[in-house]
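In: what shape does this take:
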Amino acid sequence: MDFLQTLVTIFMQYGYFAVFGILILCGFGLPVPEDISLTAGGVISGLGYANVHIMFLVGMAGVLIGDSFVFWLGSHYGERALTLPILRTVLHPERFDKVREQFKKYGRWVVFVGRFMPGLRMPIFFTAGTSKQISFFLFLLTDGFAALISVPIWVYLGYYFAHNFDELMSWVRGGQTIILVLVAILVGVLFFYWWRRKRQEGEGDK
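Out: The predicted model follows:
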């Protein structure tokens, strides 16, 4: 709660620019929880220091720009970028190799899942860039779709519970679980429709 309160205090003074800047730095690997940053942005909206709908857009922009920079870094510099201080501290060669293997198996779906995995998000997006298996447009589309699930949850959660920090923190602690459940439901629905379509195509060929 203390860290959330600190962010709220900073954001109250500097508004959208502070939220935007922190989120971009989160994408670069800054050890600040992205979910707490987005929640703090929602809190200052609930307290009247910002418009919550604009804050949602600012959150989306900050998240996607930060992620895109990491992807570009991997795409442009490849594994040479692993020697940069900004990456060396958070992306060890062993972790990079593990993420690369997962990306070879599952492709862009790793990007989608990576948005919901704090700590692995940045390595996954960097590896996506180095892999050359996914275009920037497809990366942005996949990451943006995933962000449309997570970003509004954190921002509007902070907005609705801005005047009750105790209840807000209880929701924040369970927020990641809520998001993962929503993602699991979405994946289940998409898989069902894919399976039914394949089944119908199989019956049509008989």
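In: distance between whichever strand or helix holds Ile36 and the chain's centre?
Out: Using DSSP states H and E, Ile36 maps to helix 34-46. When distances are taken as Cα atoms, centre = their mean, to the nearest Å, helix 34-46 is centred 14 Å away from the chain's centroid.
In: contacts for it?
Out: Here helix 34-46 makes contact (Cβ atoms under 8 Å, 6 or more residues apart in numbering) with 3-4, 7-8, 11-12, 15, 19, 22-23, 26, 50-52, 55, 58-59, 63, 118, 121, 150-151, 154-163, 168, 172, 175-176. C-beta here means a position set from N, CA and C on the backbone, and glycine is covered the same way.
In: for whatever helix or strand comes next after it, which positions count as buried?
Out: In the C-terminal direction, the helix or strand that comes right after helix 34-46 (DSSP H and E) is helix 52-77. Using 16 or more other Cβ atoms under 10 Å as the burial criterion, the residues of helix 52-77 that qualify are 52, 55-56, 58-64, 66-75, 77.
In: helix 52-77 to helix 34-46, inter-axis angle?
Out: For helix 52-77 against helix 34-46, the angle between stretch directions is 150 degrees (axes from the mean of the first three to the mean of the last three Cα atoms, to 10 degrees).
In: for the record, mean pLDDT for helix 52-77?
Out: Regarding helix 52-77, the rounded mean pLDDT is 91.
In: next one: it to chain centre, how far?
Out: 9 Å.
In: name the helices or strands packed onto it?
Out: Counting contacts by 3 or more Cβ pairs under 8 Å, 6 or more residues apart in numbering; DSSP states H and E, helix 52-77 is packed against helix 2-27, helix 34-46, helix 121-131, helix 136-160.
In: make CSV out of the ones you listed and add mean pLDDT.
Out: CSV is the format used below for the helices and strands packed on helix 52-77 (pLDDT from 0 to 100):
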stretch, mean pLDDT
helix 2-27, 89
helix 34-46, 92
helix 121-131, 82
helix 136-160, 91
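In: possible to save these as CSV with mean neighbour count?
Out: Below are these laid out as CSV (neighbours: other Cβ atoms under 10 Å):
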stretch, mean neighbour count
helix 2-27, 17
helix 34-46, 26
helix 121-131, 25
helix 136-160, 19
